[in-house]
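A.B. asks: sequence below, structure please.
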Amino acid sequence: MKVVFLDRDGVISKYTPNDYVKKWEEFVFLPNAIKGLKILNDAGYKIIIISNQAGVNKGIFSEEDLKDITDKMEELLKKKGIKIEKVYYCIHTDEENCNCRKPKPGLFFKAKEEIGNIDFSKIFFIGDSEVDVKAGKSVGTKTILVLSGKTESKEETKNWKIKPDYIVKDLKEAAEFIVKLPYANLRSS
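C.D. replies: Numbering: from 1, shown residues only. Next up, the predicted model:
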């Protein structure tokens, strides 16, 4: 099964430093994000979004607000011929020490359990932060860091203990890179 995992904020939508996307009106697609999603969909990839959204348990916005944002995002993408297979959120704070908050692997395993037939060694996780890279590596995915969100330059990764496999400008560039690769040859070395 051709699957790609993506973070939401900073990859698909605009990253809001020191804040959260609390309602649909604050959700802004990044330039080229829709094009990137379309490239992946058209190439037969199932798109799974994995995102930390601690603002819920911090009381900044509700689960209903988060569901509304997700529903409207998926609705808009569907009108553009893009299907999101599944969206998984961790609504816990760091202090709650759950297993689903990235960089922990809980949401990846939940996706595998629900969707099945996912070989992490053949999958990319596209994210915009060190946490995303650690999360992807924790389950054995290849990682692509996009410089369209929290991380804005390659220099920022110099002191990271765990490095991304690839660094690209944005989701469109990541998608173009992924679809050029022969899927069967993605096994980790």
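A.B. asks: what's the mean pLDDT across stretch 61-78?
C.D. replies: Averaged across stretch 61-78, pLDDT comes to 98.
A.B. asks: with stretch 1-15 instead?
C.D. replies: Stretch 1-15 shows an average pLDDT of 96 in the prediction.
A.B. asks: just the helices in this structure please.
C.D. replies: If DSSP state H is used as the criterion, the helices of the chain fall at 33-42, 63-79, 106-115, 130-139, 171-180.
A.B. asks: please identify the deepest-packed of the ones you listed.
C.D. replies: helix 130-139 (a mean of 22; mean count of other Cβ atoms under 10 Å). (C-beta placed from N, C-alpha, C; glycine too.)
A.B. asks: okay, the angle between that one and helix 106-115?
C.D. replies: Per axes from the mean of the first three to the mean of the last three Cα atoms, to 10 degrees, the angle that helix 130-139 makes with helix 106-115 is 50 degrees.
A.B. asks: now distance to Val56 too, for the helices of the chain, in JSON lines please.
C.D. replies: Putting these into JSON lines (distance: least, Cβ to Cβ, whole Å) gives the following:
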{"stretch": "helix 33-42", "distance to Val56": "23"}
{"stretch": "helix 63-79", "distance to Val56": "6"}
{"stretch": "helix 106-115", "distance to Val56": "15"}
{"stretch": "helix 130-139", "distance to Val56": "18"}
{"stretch": "helix 171-180", "distance to Val56": "24"}
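A.B. asks: out of the ones you listed, which comes closest to Glu85?
C.D. replies: Closest to Glu85 of those is helix 106-115 (Cβ to Cβ; 7.0 Å).
A.B. asks: that older thread, the helices of the chain: which one's closest to Glu155?
C.D. replies: Using Cβ to Cβ, the nearest of the helices of the chain to Glu155 is helix 130-139, at 13.2 Å.
A.B. asks: the closest one - contacts with which helices or strands?
C.D. replies: helix 106-115, strand 124-127, strand 142-146 (3 or more Cβ pairs under 8 Å, 6 or more residues apart in numbering; DSSP states H and E).
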